[in-house]
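1. sharing a model that was predicted from the sequence below.
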Amino acid sequence: MTGGQAGPTTPLGAMATTAPFGNPELPFNLPFLLSAAGANYVSRWTALHARQVRQEILLGFNKPGFVFIEVLSPCPVGFGKSNRIEDALAELSMYRDRCVLVDKDTRIEHVGIDLREEREIYVGNFVDRDQLPYTPPRFKEEQ
């Protein structure tokens, strides 16, 4: 969520009302962050990938533990206007042109979003594991 102000997920180089020359801060790489936090399933798609998003949500309901599904969607007012993107369709076109399906050799620490220099936006499944979910310890009832 970028809104009109730069935040922890505003892509590097993206302009915002509080970053008129482009965000100079390295944003959170959400797939990497959530993987490190122990999520069993992590993926990213865009609003163009409606079938994949639906499939991911259904999969997430049946996955044990924490699941994180990031969906990039256009924001023509807050994000598009600041970054000279004409409208939602133009932003969707950017997603179509720049999205690259992650493969087995892609390292998750390299999938952050960077708007400088027309860099790729990686989409797909980043983490799929079956670690036991956290369960708090049970205390013995006093007798």
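-> Sure, I can see it.
2. what about the chain, any weak spots by pLDDT?
-> Across the chain, the ranges flagged by pLDDT under 70 are 1-3, 117, 142-143.
3. can you pull out the helices in it?
-> 30-36, 50-62, 88-98 (DSSP state H).
4. among those, which is the most enclosed?
-> helix 30-36 (a mean of 19; mean count of other Cβ atoms under 10 Å). For the C-beta atoms, the positions are set from N, CA and C on the backbone; glycine is no exception.
5. gap between that one and the chain center?
-> Taking Cα atoms, centre = their mean, to the nearest Å, one finds helix 30-36 lying 9 Å from the centre of the chain it belongs to.
6. output it as PDB - backbone C-alpha positions only.
-> Written as PDB, here are the backbone C-alpha positions of helix 30-36 (Å, rounded to 0.1, in the frame of the first residue of the first chain):
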ATOM      1  CA  LEU A  30       7.500  -8.700   1.400                       C
ATOM      2  CA  PRO A  31       8.100 -12.300   0.100                       C
ATOM      3  CA  PHE A  32      11.500 -12.400   1.700                       C
ATOM      4  CA  LEU A  33      10.300 -10.800   5.000                       C
ATOM      5  CA  LEU A  34       7.400 -13.200   5.300                       C
ATOM      6  CA  SER A  35       9.500 -16.200   4.400                       C
ATOM      7  CA  ALA A  36      12.000 -15.200   7.200                       C
END
